[in-house]
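> predicted model follows, preceded by the sequence.
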Amino acid sequence: MTIPTPHISAKENSFAKTVLMPGDPLRAKFIAENFLEMPKKVNAVRGMFGYTGTYNGTPVSVMGSGMGCPSMGIYSYELFNFYKVENIIRVGSAGSISPELELGDVVMGVGACSESSYAGTFARCPGSFTPTGSFELMLKAKNAADVLGVKLHTGNLLTTDVFYNDDNVGLNAWLRMGVLAVEMEAAALYTNAARAGKNALCICTISDKVFSRSESMSADEREKSFTNMISLGLSMI
């Protein structure tokens with residue numbers, strides 16, 4: 001396949017080596033307009049906004065991934081394999097499974113347990129492929145968190161295909177295994193990065209609690225209030 005691709009209209013060399021990927025394209029727009037210097041829109045196909053600018057003089061891009069493994073799978077694959085992106089840092093939202101997490105806490109996904117079939121379908125391994133983040137990016141995240149004074153919770157995430165899940169029995173099983181939070185994209189991102197020989201890391205802000213649906217952030221808060229996570233991601237470039 002050549003570029004532009006069916007899903008990204010950007011020209012060659014339009015993306016920096018590192019791309020921050022929120023799920024929401026409006027959050028990508030917010031990051032570009034409020035954190036980047038001289039941001040330029042490089043993609044708007046299907047409303048999936050992508051921008052490239054600089055942060056403290058270093059080139060960086062930000063682009064939405066959409067929701068779920070299929071959408072993340074498409075965009076991260078094309079960025080890694082056609083646009084020569086080396087690092088993708090997911091900056092998204094997650095629901096806490098661990099009772100120790102509060103709204104606004106930042107979680108780094110060392111690995112991505114999953115109920116999705118994405119990794120199995122894509123990797124075609126004879127056993128179970130385990131999607132994990134890049135150790136190089138984890139070290140950068142830890143160092144950046146120390147400098148910024150951000151408490152970084154570290155452990156496994158759960159990548160699910162189901163947002164509205166009332167099966168507390170299943171969630172309790174993940175809790176027993178020490179899984180911190182649930183989201184919808186990390187497993188696909190980590191799988192694509194492994195196959196491409198690239199780096200990926202998922203950093204999420206806790207936006208709701210799966211065992212207490214009354215505790216959650218609004219859509220506007222999700223779009224605009226994840227400052228610690230965004231600053232942490234940008235400090236890693």
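Arrived safely, thanks for sending. Numbers count the residues shown, from 1 in each chain.
> quick one, strands of the protein?
Per DSSP state E, the chain carries strands over the ranges 18-21, 37-43, 50-55, 58-63, 87-96, 106-114, 152-159, 181-183, 199-209, 212-216.
> got the ones you listed as JSON lines, with mean neighbour count and mean pLDDT columns?
Any C-beta I mention is one placed from the backbone N, CA and C, and that applies to glycine too. Shown next, in JSON lines, are the strands of the chain (neighbours: other Cβ atoms under 10 Å; pLDDT from 0 to 100):
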{"stretch": "strand 18-21", "mean neighbour count": "27", "mean pLDDT": "98"}
{"stretch": "strand 37-43", "mean neighbour count": "16", "mean pLDDT": "98"}
{"stretch": "strand 50-55", "mean neighbour count": "22", "mean pLDDT": "98"}
{"stretch": "strand 58-63", "mean neighbour count": "24", "mean pLDDT": "98"}
{"stretch": "strand 87-96", "mean neighbour count": "26", "mean pLDDT": "97"}
{"stretch": "strand 106-114", "mean neighbour count": "23", "mean pLDDT": "97"}
{"stretch": "strand 152-159", "mean neighbour count": "21", "mean pLDDT": "98"}
{"stretch": "strand 181-183", "mean neighbour count": "26", "mean pLDDT": "97"}
{"stretch": "strand 199-209", "mean neighbour count": "25", "mean pLDDT": "96"}
{"stretch": "strand 212-216", "mean neighbour count": "12", "mean pLDDT": "72"}
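> in the chain, what helix or strand scores lowest on average pLDDT?
For the chain, counting by mean pLDDT, DSSP states H and E, helix 219-224 ranks last in confidence among helices and strands (a mean of 67).
> quick revisit: which among the strands of the chain is found nearest to Thr227?
strand 199-209 (9.2 Å; Cβ to Cβ).
> next, the angle from that closest one to strand 152-159.
90 degrees (axes from the mean of the first three to the mean of the last three Cα atoms, to 10 degrees).
> which strands border strand 199-209, and is each parallel or antiparallel?
strand 87-96 (parallel), strand 106-114 (antiparallel), strand 212-216 (antiparallel) (DSSP bridges).
> make a markdown table from those and add distance to Val45 to it.
Listed next are these as a markdown table, based on distance: least, Cβ to Cβ, whole Å:
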| stretch | distance to Val45 |
| --- | --- |
| strand 87-96 | 18 |
| strand 106-114 | 27 |
| strand 212-216 | 31 |
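> identify the residues contacting Tyr190.
Taking Cβ atoms under 8 Å, 6 or more residues apart in numbering as the contact definition, Tyr190 lies against 111-112, 131-133, 200, 202.
> what is the residue nearest to the spatial centre of the chain paired to in the beta sheet?
Centroid-nearest residue in the chain, with Cα atoms, centre = their mean: Arg90, separated by 2.0 Å. Arg90 forms beta bridges with Met21, Cys202, as assigned by DSSP bridges.
> in this structure it contacts Asn192, no?
No: taking contacts as Cβ atoms under 8 Å, Arg90 lies outside contact range of Asn192: 11.4 Å.
> got any residues that touch both of these two?
Ala200.
> give me the distance from stretch 43-63 to the chain's centre.
In this view, stretch 43-63 has its centroid 15 Å away from the chain centroid, taken as Cα atoms, centre = their mean, to the nearest Å.
> apologies, that question was intended for stretch 57-75.
8 Å.
> list the contacts of the residue nearest to the centre of the chain.
21-23, 65, 72, 185-186, 189, 200-204.
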